[in-house]
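Colleague: with the sequence up front, the predicted model follows.
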Amino acid sequence: METKMIVICVLAALAVLAVIIGVLLGLYLPRTKQCTFHIINTCYLFFRDYCQNVLNVFEGAYVGRHKCDVPMENYNSLMSTVKFDYPCSQTMLWSDTKDLVSQYTKNNPGCFNLEKTLLGFVLDGQSWCGKEGSKGKIFQMHSLQYKNIRLSTTVTNLQMTNSILFCLLKLARRSLNTQTESTY
């Protein structure tokens, strides 16, 4: 019983120490390092094995390019690295309607929003842009609210990737086919 209490106390102390270190790093790291730290850490919550690779592939999409000249195709490698294997007909996207979509998915268990995916979870609330010819990254961190290790903010500048667009096009075609069939 005494050994069990010691183990619990040690684990609690380590948890408190981890939170203190995380807060201090968040306060003292430059913005780019903060965002890199954020992406790696939230990615580790999902998959520990290849998070650095995900970050490298993500950065490869926009680093060194002008902020207004990053085509969607640049994110194909990211979508190949982090598979999007969710049913298109049940995936909820939002644009300034996050609360509504969250409530809808809560009431409809067959649907889910992008926060439930690896990329949605990791990139939620983040903005990024490149600088032509630069080898560095430019991140803008938005106010992140940590609630039960989940991030609760709005995706602001995440470009739609081909895979997500493919899902939307597939849904649109399905909808058009249904409308065409019902007209005849």
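Modeller: Yes, it's here.
Colleague: what residue ranges in the chain score low on pLDDT?
Modeller: Along the chain, the parts satisfying pLDDT under 70 run over 1, 4-5, 7-51, 94-96, 127, 135-184.
Colleague: list the buried residues in stretch 62-69.
Modeller: 62, 63, 65 (16 or more other C-beta atoms under 10 Å). All C-beta spots, glycine's among them, are computed from the backbone N, C-alpha and C.
Colleague: close enough to count as contact, residue 60 and residue 80?
Modeller: No. Using C-beta atoms under 8 Å, residue 60 is not in contact with residue 80, being 11.9 Å away.
Colleague: hmm, back to that, in helices only, show me the buried residues of stretch 62-69.
Modeller: residue 62 (DSSP state H).
Colleague: so can I have JSON lines of the buried residues of stretch 62-69 showing distance to residue 71?
Modeller: Below are those laid out as JSON lines (distance: C-beta to C-beta, whole Å):
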{"residue": "62", "distance to residue 71": "10"}
{"residue": "63", "distance to residue 71": "14"}
{"residue": "65", "distance to residue 71": "9"}
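Colleague: what is the nearest of the buried residues of stretch 62-69 to residue 125?
Modeller: The closest of the buried residues of stretch 62-69 to residue 125 turns out to be residue 62 (C-beta to C-beta; 17.2 Å).
Colleague: for the residue nearest to the closest one when sequence neighbours are not counted, grab the count of nearby residues.
Modeller: The shortest distance from residue 62 to any non-neighbouring residue, by C-beta to C-beta, 6 or more residues apart in numbering, is to residue 130 (4.1 Å). The local packing of residue 130 (other C-beta atoms under 10 Å) involves 21 other residues.
Colleague: same thing with residue 120?
Modeller: Using other C-beta under 10 Å: residue 120 sits among 20 other residues.
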